[in-house]
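Novice: A predicted structure for the sequence below; I have some questions about it.
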Amino acid sequence: MRNVIVAIIIVASIILIGSYYYFRPATPTIEPGSAAIQRVSLYHYFSGALSGGVNETVEIINGSSDQEKIIANALDHEAFKSLIISNLAKGDPPEFFTYWAGIKTQELVDQGYLEPLDDIWRDNSIDARLSSTLVETAAVYDDKKYFLPLDQHIVVFFYNVAVFEKLNIQPPEHFDELIAAAAIIKDQGITPFALGAVERWPAQFWFDYLLLRTAGPDYRKALMQGEASYLDPQVVEAYEQWANVIRSGFFNADANEIDWAAATRQVCTGEAAMTLMGTWTIQEFTGDPCNLSEEEDFDFFAFPQINKEVVYSSVGPVDGLVVTKDSNNKEIALKLLPHFLDSEPQQAFSRGSGAFATSLDVQESAYSPLKQRLFQLIKNSDHWAFNYDLATSPAVADFGMDSFNELLAFPDQYYEILINLDLQVQSLTTRPK
């Protein structure tokens, strides 16, 4: 496992170094016989298995202006995380880039890298185009607007309809029913839960939901903010429940060796029955090589309840756009930014990415029947939670996600893994500055 992680780091470093020389912030250019055309750079992480929608969105926005153009640069999803920080630190940033709402954006705000959006927000009446909840949870940091929400995903179980029908299994509503179904599926030689955790973050959703369904969102918030311990009974219970699922042989044996897209393909072929993943995986189910039909070949259900007395929460990230303070043409980026909320670009991005549009201008009728049901799940949730690595500090999340991979490999040692995790987290607050 460590060798795999080291290899990923090496590859990411190579991409990072190469990208520094390849990608440069855009500067004004003059084409023969035309006025000056202002070009701004947009870095984004919608590449590889996550690609879809962004090129169409940029093309629509570029088509609305003869004088300002966006140059979209797609970067590897994992390499992006270090590359963008490096470019910001070197004073060589793009005009704007996609990012994740939550603690990651807060850190960039704290470091002074981002341009406030309050003026364009007011001038373009953006508050009227987004839900107040989304603005409060995703857009505002230190009482200013810094983040334009571009899309919203929800994490659910996606399942192979043919497998469920063959075994006469109904989508479970309680966790006990989920485990009973997993036992039936395993007895038929099919993997109940496909998971691809080689990049670590796909495993976090199991911890997120187990903790939210047992301890609730208030406790989880305290843990994410460092006000609770990873040795608290609430966390121990969540790890023990997860360990029991792993020990039962309900996950694929290669969970730590494959990525989320490969795990999704196990479900689409019927090798596995279901996977806990975000709505970005819809494009994997419907695209090559799966080519499955929504609701007919694959469907979804929410993570089942465990304690009915606990507030019902849903988990998922919000992707958005931020503008860099020290970029060459930030004024052009600020001018173009509100167009990402226009109905046509929003629908194009939603279709390609599997995500939900954030603009209130996009009607539910624009979605497929499956996505309309998913959208209702979002609206009916009592609480919305960003996933683990977007809810706690990056340093803590790094240790936590390591522990998820360790748990998948050594479920019998779940308590020892938690002891080590708690010590690592404590070291972050006691080490010399």
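Specialist: Ah, there it is.
Novice: next secondary structure element downstream of the helix or strand bottoming out on mean pLDDT in the chain?
Specialist: Every helix and strand in the chain was compared by mean pLDDT, DSSP states H and E; the lowest is strand 29-30, with a mean of 40. Later in the chain than strand 29-30, the nearest helix or strand by DSSP states H and E is strand 36-44.
Novice: look at the nearest residue in space to Ile120 that is not next to it in sequence and report its pLDDT.
Specialist: Residue nearest to Ile120 in three dimensions, not counting chain neighbours: Leu334, with 5.2 Å by CB to CB, 6 or more residues apart in numbering. Using the backbone N, CA and C atoms, a C-beta is placed for each residue, glycine as well. pLDDT recorded at Leu334 is 96.
Novice: got the CA coordinates for the host helix or strand of Lys81 in PDB?
Specialist: Using DSSP H and E, Lys81 sits in helix 77-89. What follows is helix 77-89 as a C-alpha-only set of coordinates in PDB (Å, rounded to 0.1, in the frame of the first residue of the first chain):
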ATOM      1  CA  HIS A  77      -7.600  15.400 -10.300                       C
ATOM      2  CA  GLU A  78      -5.000  14.400  -7.800                       C
ATOM      3  CA  ALA A  79      -2.100  16.400  -9.100                       C
ATOM      4  CA  PHE A  80      -4.300  19.500  -9.200                       C
ATOM      5  CA  LYS A  81      -4.500  19.600  -5.400                       C
ATOM      6  CA  SER A  82      -0.700  20.300  -5.100                       C
ATOM      7  CA  LEU A  83      -0.300  22.100  -8.400                       C
ATOM      8  CA  ILE A  84      -2.700  24.900  -7.600                       C
ATOM      9  CA  ILE A  85      -1.200  25.500  -4.200                       C
ATOM     10  CA  SER A  86       2.300  25.600  -5.800                       C
ATOM     11  CA  ASN A  87       1.300  28.200  -8.400                       C
ATOM     12  CA  LEU A  88      -0.400  30.400  -5.900                       C
ATOM     13  CA  ALA A  89       2.700  30.300  -3.600                       C
END
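Novice: buried residues of that helix, list them for me.
Specialist: Of all the residues in helix 77-89, those buried under the rule 16 or more other CB atoms under 10 Å are His77, Glu78, Ala79, Phe80, Lys81, Leu83, Ile84, Ile85, Asn87, Leu88.
Novice: could I get the contacting residues of the fifth one?
Specialist: Residues in contact with Lys81, defined by CB atoms under 8 Å, 6 or more residues apart in numbering, are Tyr45.
Novice: can you identify the element that follows the helix or strand containing Pro149 toward the C-terminus?
Specialist: Per DSSP H and E: Pro149 is located in strand 148-152. Sequence-wise, the next helix or strand downstream of strand 148-152 (DSSP H and E) is strand 155-160.
Novice: just checking: what are the partner strands of that following strand?
Specialist: In the sheet, strand 155-160 lines up against strand 272-278 (antiparallel), strand 298-301 (antiparallel) (DSSP bridges).
Novice: who touches the longest one?
Specialist: It refers to strand 272-278. With contact meaning CB under 8 Å, 6+ apart, strand 272-278 is reached by 153-160, 163-164, 182, 185, 190-195, 202, 205-206, 209, 252, 260, 263-264, 266-267, 281, 303, 316-317, 354.
Novice: weed out the non-buried ones from those.
Specialist: For the contacts of strand 272-278, a burial check counting by 16+ other CB under 10 Å picks out 153-160, 163-164, 182, 185, 190-195, 202, 205-206, 209, 252, 260, 263-264, 266-267, 281, 303, 316-317, 354.
Novice: narrow these to those in strands?
Specialist: Val155, Val156, Phe157, Phe158, Tyr159, Asn160, Thr191, Pro192, Phe193 (DSSP state E).
Novice: among these, which one sits closest to Gln225?
Specialist: Set against Gln225, the nearest of these by CB to CB is Val155 (21.3 Å).
Novice: where's that closest one relative to Ala261, distance?
Specialist: According to CB to CB, to the nearest Å, Val155 and Ala261 sit 15 Å apart.
Novice: repeat for Gln305
Specialist: Taking CB to CB, one finds Gln305 at 29 Å from Ala261.
Novice: kindly report the same for Asp110.
Specialist: Taking CB to CB, one finds Asp110 at 33 Å from Ala261.
Novice: now do the contacts for the residue nearest the centre of the chain.
Specialist: In the chain, the centroid-proximal residue (CA atoms, centre = their mean) is Pro317; its distance is 4.4 Å. Shown in contact with Pro317 (CB under 8 Å, 6+ apart): Trp100, Ala101, Gly102, Gln152, His153, Gly278, Phe386, Asn387, Leu390.
Novice: do that again at 7 Å, thanks
Specialist: Listed by CB atoms under 7 Å, 6 or more residues apart in numbering, the contact set of Pro317 reads Trp100, His153, Phe386, Asn387, Leu390.
Novice: okay if I get these as a markdown table plus distance to Asp342, secondary structure and pLDDT?
Specialist: Converted to a markdown table, the contacts of Pro317 look like this (distance: CB to CB, whole Å; DSSP: H, G, I helix; E, B strand; the rest coil; pLDDT from 0 to 100):
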| residue | distance to Asp342 | secondary structure | pLDDT |
| --- | --- | --- | --- |
| Trp100 | 22 | strand | 96 |
| His153 | 21 | coil | 96 |
| Phe386 | 26 | coil | 96 |
| Asn387 | 28 | coil | 97 |
| Leu390 | 26 | helix | 95 |
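Novice: next one: phi and psi at Gly53?
Specialist: phi 100, psi -40 (degrees, to the nearest 10).
Novice: report pLDDT for Lys90.
Specialist: In this prediction, Lys90 carries a pLDDT score of 90.
Novice: ditto for Tyr21
Specialist: pLDDT, Tyr21: 37.
Novice: what's the burial count for the residue lying closest to Phe386 once chain neighbours are set aside?
Specialist: Nearest residue to Phe386 in three dimensions, chain neighbours excluded: Gly102, at 4.3 Å (CB to CB, 6+ apart). Neighbours of Gly102 under the rule other CB atoms under 10 Å: 22.
Novice: now the one 4 residues further on
Specialist: The number of residues packed around Gln106, counting by other CB under 10 Å, is 16.
Novice: which of the strands paired with strand 155-160 is buried the deepest?
Specialist: Of all the strands paired with strand 155-160, strand 272-278 has the most neighbours on average by mean count of other CB atoms under 10 Å, namely a mean of 26.
Novice: average pLDDT for it?
Specialist: For strand 272-278, the per-residue pLDDT averages 98.
Novice: against which helices or strands is the next helix or strand after it packed?
Specialist: Using DSSP H and E, the helix or strand that follows strand 272-278 towards the C-terminus is helix 282-286. Here helix 282-286 touches helix 260-269, going by 3 or more CB pairs under 7 Å, 6 or more residues apart in numbering; DSSP states H and E.
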